[in-house]
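coordinates only, sequence not included:
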């Protein structure tokens, strides 16, 4: 089988390409107009880095068996146009994952927050117990070589279910392709406003996800989310419902925060559905330290500690700040976050951030106006952002150097430092900078 990836440089796409390339009899090629690290290094090491950047329709030939199309490509992509002219089968990323696992028992984790952490917990425990599973997860997990695995031997497949769009040719949510036997929804908090301009529309895609659960499947959901309770009340009668709340047992964990205890309990229920005993799950999960960039410990120096996190949406930001406050009630909490995603930089969405950083002693928010310009969004001001967050502790910066200067001015004594971004504050080496600050 010869497979060609259009937009191979994406986080999920390059991991899928590497996974497919390991299968016997598969030849993988790919293209992209720009590829950044870590994807560039990973692809180069795997021998899959395109020889030159750009779209080259002459590389799309009739001996290609299938195209896998990434979201980064546009509908008028020259290679995509050529593939359609030749009648080559075109898959989206989630469609191909489903095709490769349609005969397996699928566990899919969805929700506005906690997807990566919950999926990681399930995979961690299954690996520790020697239970083979295919998977797709949105972060690196300790002990796992890559973020995607496909095999001919695994009985189970565990997917992180993203509600974002499938591909330029398919404007449905990705997770609607997966049709889980065991579905988890961790919570619903409005996100991706560019795709879901109304909250009702956003909730509806989760309703469709539950409608797509396999016959006699299981729906695991957070019991204190009113939207999830409403969806559950209208679910098909053949679907078993397992509402959950935060784990409150006496097993000591290496992760912390109420949101992580909620994620842990969802993972426990999913594992139990495929035969894992509760005592085995809790024993193994007690050594789990978290997924990459999810409340990840950078360092602990003297009385100071530093963490980094991917948090950018309001629900993730609030949960992360509150978790660190609960863990270190006596420490000064310095929290810095970057508004970087499409939704977070939209003026209409900013009010969703109200009170999200209230628990921090020092709350610093950064955004780059050039990113707003690049995304062709309506400009926002620092004062608008400050008012949206709505608490006196918030300071807003539009210059990365000024943000770094402000962070250096703080006295780090018995302090918890929390750096949160889905980017890097425009060129900051976050672990290196955090260590400089707390030392």
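Thanks, I have it. As the structure is a computational prediction, the values presented were derived from the model and not from experiment.

From here on, just use CA atoms for contacts and neighbour counts.
Noted.

For the stretch 1-150 of the chain, which segments are assigned as strands?
With strands called from DSSP state E, counting those that start in this stretch, the stretch 1-150 of the chain shows them at 2-6, 27-31, 66-69, 89-92, 105-110, 133-136, 148-149.

for the stretch 301-439 of the chain, same thing?
Going by DSSP E, counting those that start in this stretch, the stretch 301-439 of the chain shows strands at 304-309, 332-338, 362-366, 394-397, 415-420.

partners of the shortest one, with directions?
Same thing as strand 394-397. strand 362-366 (parallel) (DSSP bridges).

With the longest one instead?
For strand 332-338, the paired strands and their directions (DSSP bridges) are strand 362-366 (parallel), strand 415-420 (parallel).

same question for the first one, mean pLDDT?
Think strand 362-366. For strand 362-366, the mean pLDDT works out to 97.

Would you mind saying which of the strands paired with strand 332-338 lies nearest residue 94?
Nearest to residue 94 among these is strand 415-420; the distance by Cα to Cα comes to 27.9 Å.

Run the chain-centre distance for the closest one.
Centroid separation for strand 415-420 versus its chain: 20 Å, with Cα atoms, centre = their mean, to the nearest Å.

Residue 404: how many residues sit nearby?
Residue 404: 15 surrounding residues under other Cα atoms under 10 Å.

Next one: it from residue 410, what distance?
According to Cα to Cα, to the nearest Å, residue 404 and residue 410 sit 10 Å apart.

Over to residue 201?
Note on residue 201: its distance to residue 410, by Cα to Cα, is 43 Å.

Residue 234 - how many residues pack around it?
Residues lying near residue 234 (other Cα under 10 Å) number 11.

Pop out the phi and psi values for it.
phi -110, psi 10 (degrees, to the nearest 10).

Okay, domains of the chain per the record?
Annotated domains of the chain cover 2-87, 96-285, 296-438 [automatic domain parsing].

got a list of what the spatially closest residue to residue 135 that is not a sequence neighbour touches?
Excluding its sequence neighbours, the residue lying closest to residue 135 (Cα to Cα, 6 or more residues apart in numbering) is residue 158, at 4.6 Å. Going by Cα atoms under 8 Å, 6 or more residues apart in numbering, residue 158 touches 106-109, 119, 122-123, 133-136.

picking up where we left off before, can you redo the strands paired with strand 332-338 as a markdown table, where the extra columns are mean neighbour count and distance to residue 166?
Shown next, in a markdown table, are the strands paired with strand 332-338 (neighbours: other Cα atoms under 10 Å; distance: least, Cα to Cα, whole Å):
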| stretch | mean neighbour count | distance to residue 166 |
| --- | --- | --- |
| strand 362-366 | 22 | 30 |
| strand 415-420 | 26 | 27 |
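
wait, which of those is closest to residue 176?
Among the strands paired with strand 332-338, the nearest to residue 176 by Cα to Cα is strand 415-420 (29.3 Å).

got the contact list for the closest one?
Applying Cα under 8 Å, 6+ apart, the contact partners of strand 415-420 are 303-312, 317, 321, 324, 328, 331-338, 430, 434, 438.

re earlier: tell me the mean pLDDT for the host helix or strand of the residue nearest to residue 135?
In this assignment (DSSP states H and E), residue 158 forms part of strand 156-160. Mean pLDDT, computed over strand 156-160, is 98.

cool, stretch 93-101 as well?
96.

Then stretch 44-53?
Averaged across stretch 44-53, pLDDT comes to 95.

Check the offset of it from the chain's centre.
Distance, stretch centre to chain centre, for stretch 44-53: 25 Å (Cα atoms, centre = their mean).

Contacts made by it with the rest, please.
Under the contact criterion Cα under 8 Å, 6+ apart, stretch 44-53 has outside partners 18, 28-34, 40, 43.

Tell me the buried residues in that stretch?
48-50 (16 or more other Cα atoms under 10 Å).

want to try CSV for those, with distance to residue 12 as columns?
Converted to CSV, the buried residues of stretch 44-53 look like this (distance: Cα to Cα, whole Å):
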residue, distance to residue 12
48, 14
49, 15
50, 17
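
on that earlier part again, could you list the paired strands of the next helix or strand after the strand holding residue 158 along with their orientation?
Sequence-wise, the next helix or strand beyond strand 156-160 is strand 165-167, with elements assigned using DSSP H and E. With DSSP bridges as the test, strand 165-167 is paired with strand 170-173 (antiparallel).

Select, out of the strands paired with strand 332-338, the one closest to residue 246.
Residue 246 lies closest to strand 415-420 among the strands paired with strand 332-338, at 23.1 Å (Cα to Cα).

quick one on the thing from earlier: possible to save the strands paired with strand 332-338 as TSV with distance to residue 377?
TSV is the format used below for the strands paired with strand 332-338 (distance: least, Cα to Cα, whole Å):
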stretch	distance to residue 377
strand 362-366	17
strand 415-420	22
